[in-house]
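K.L.:
I would like to see how this sequence folds:
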Amino acid sequence: MTSSNAPAFATIMLLTGVGIPILAALNGGLGGRLGSPMAASVILFGLALLIAGTGALVTGSLGDIRFSGDIPWIFYFGGLFVAFYVISVTFIAPRFGVGNAIFFVLVGQIASAAVIDHFGLFGAAQFPIDSKRIAGIALMVAGVWLARRTG
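P.N.:
Alright, predicted model coming up:
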């Protein structure tokens, strides 16, 4: 990553973070109105497929979509995790609270991101866990926990 890209990347990821609780609230509400979190998830993924397919068509990368033996099978499991997230949050957020649901999502993201970075898993850039990172992660977890405390 070049330093000139960092502000744009940070902004996009910040907006992505803003969207996650909105997704949870909207899809949870849709699931409640439909009476089925699974039906709401199917609608979400249908719309997401339409949008991603349109993006692939517009960018000329539609022909790059394939399952290939030269790509390690593990890289195709992203869909499993996004489906698990969407179905879980659609079902749980309306019952547990959007903030509470996202609190635990954030703690899980912080922990798994640190492990992925430390070992450079799945081809990610490697950033070893040191005492500064541990302190930063602990502060992030504490901050998220404090932000969700009530009463």
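K.L.:
OK, contacts around residue 86?
P.N.:
By C-beta atoms under 8 Å, 6 or more residues apart in numbering, the contact list for residue 86 reads 23, 27, 41, 44, 45. Just so you know, the C-beta spots here come from the backbone N, C-alpha and C atoms, and that holds for glycine as well.
K.L.:
among the residues you listed, who's most crowded?
P.N.:
residue 27 (22 neighbours; other C-beta atoms under 10 Å).
K.L.:
what sits closest to that residue if chain neighbours are left out?
P.N.:
Using C-beta to C-beta, 6 or more residues apart in numbering and skipping the chain neighbours, the partner closest in space to residue 27 is residue 90 (4.5 Å).
K.L.:
the one you found touches residue 26, doesn't it?
P.N.:
No - using C-beta atoms under 8 Å, residue 90 is not in contact with residue 26, being 9.4 Å away.
K.L.:
more neighbours, the two?
P.N.:
residue 90 (26 against 16).
K.L.:
same for the helix or strand of the chain with the lowest mean pLDDT, what does it pack against?
P.N.:
In the chain, the helix or strand scored least confidently by mean pLDDT, DSSP states H and E is helix 131-148, which has a mean of 87. Contact partners of helix 131-148 among helices and strands, from 3 or more C-beta pairs under 8 Å, 6 or more residues apart in numbering; DSSP states H and E: helix 98-119.
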